[in-house]
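Student: Structure, please.
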Amino acid sequence: MSPKNTNVLEGFECPNCGSLGPFRIAAKSVFEVYDSGADSFTDVEWEDNSAVVCCSCEHEGTVKSFARPGMECARCGGRQFFARQTGYRRVIVDDTGDFVRVASHVDQPTEVQSLAFEETWSKPYGPYVCTACNEEFDDLTPEEREQADNDAEAATGPSE
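Tutor: Coordinates of the predicted model:
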């Protein structure tokens, strides 16, 4: 598996051969043009429908068709998933430690009110369940699923 692009080509992958570049992209730019030709350029921009050619296999498409895929449900094609997330928040409890309600900023003593009073949340994590068809996945990205499959095969031997 090749590493992801992390700069100008972030999110790009040839849908034909899997190459991460280079690509020839029809883009707009501002050039300094002289009678002898163009000298320098700035502000290279392209759009989803800009033409792209893979330099490895000559596959042609659009920027949108070269977008590296995110998670898509293998069963229904859905792109939204239920996930888990952990958080921290201040709550009010009674004398037995049972939950009463979520604390607000005004519940804090005056000397503490100036401190940051924010809830903090983790990055969402799996298992991921498709909101459309309830198909469950342990990992969200294709790379994570491929790595998990490779790890499972290495641990158990090739499947027949």
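Student: For stretch 47-65, list every residue counted as buried.
Tutor: Neighbour counts over stretch 47-65 (16 or more other C-beta atoms under 10 Å) mark 52-54, 59, 61-63 as buried. (C-beta placed from N, C-alpha, C; glycine too.)
Student: Strands - which of those land there?
Tutor: Using DSSP state E, 52-54, 61-62 are the members of these that sit in strands.
Student: any chance of these in JSON lines, plus pLDDT and distance to residue 104?
Tutor: Formatted as JSON lines, the entries for these read as follows, by pLDDT from 0 to 100; distance: C-beta to C-beta, whole Å:
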{"residue": "52", "pLDDT": "95", "distance to residue 104": "52"}
{"residue": "53", "pLDDT": "96", "distance to residue 104": "57"}
{"residue": "54", "pLDDT": "95", "distance to residue 104": "55"}
{"residue": "61", "pLDDT": "93", "distance to residue 104": "52"}
{"residue": "62", "pLDDT": "93", "distance to residue 104": "50"}
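Student: Just give me the longest strand of the protein.
Tutor: What stands out as the longest strand in the chain, according to DSSP E, is strand 37-45.
Student: Check the gap between the residue of the chain positioned farthest from its centre and residue 44 for me.
Tutor: In the chain, residue 35 marks the outermost C-alpha relative to the chain mean, sitting 45.4 Å out by C-alpha atoms, centre = their mean. Look at residue 35 and residue 44: by C-beta to C-beta, to the nearest Å, they are 24 Å apart.
Student: following the helix or strand bottoming out on mean pLDDT in the chain, which helix or strand comes up?
Tutor: Taking mean pLDDT, DSSP states H and E as the measure, helix 110-113 is the helix or strand of the chain with the lowest mean score, a mean of 54. Along the chain past helix 110-113, the next helix or strand (assigned with DSSP states H and E) turns out to be strand 120-121.
Student: Please work out which residues outside that following strand touch it.
Tutor: If you take C-beta atoms under 8 Å, 6 or more residues apart in numbering as the criterion, strand 120-121 is touched by 85-88.
Student: Would you tell me which one of these comes nearest to residue 126?
Tutor: Proximity of those to residue 126, judged by C-beta to C-beta, is greatest for residue 85, which lies at 10.9 Å.
Student: That closest one touches residue 126, doesn't it?
Tutor: No: no contact is recorded between residue 85 and residue 126 when judged using C-beta atoms under 8 Å, the distance being 10.9 Å.
Student: With neighbour numbers in mind, choose between these two.
Tutor: residue 126 (15 against 9; other C-beta atoms under 10 Å).
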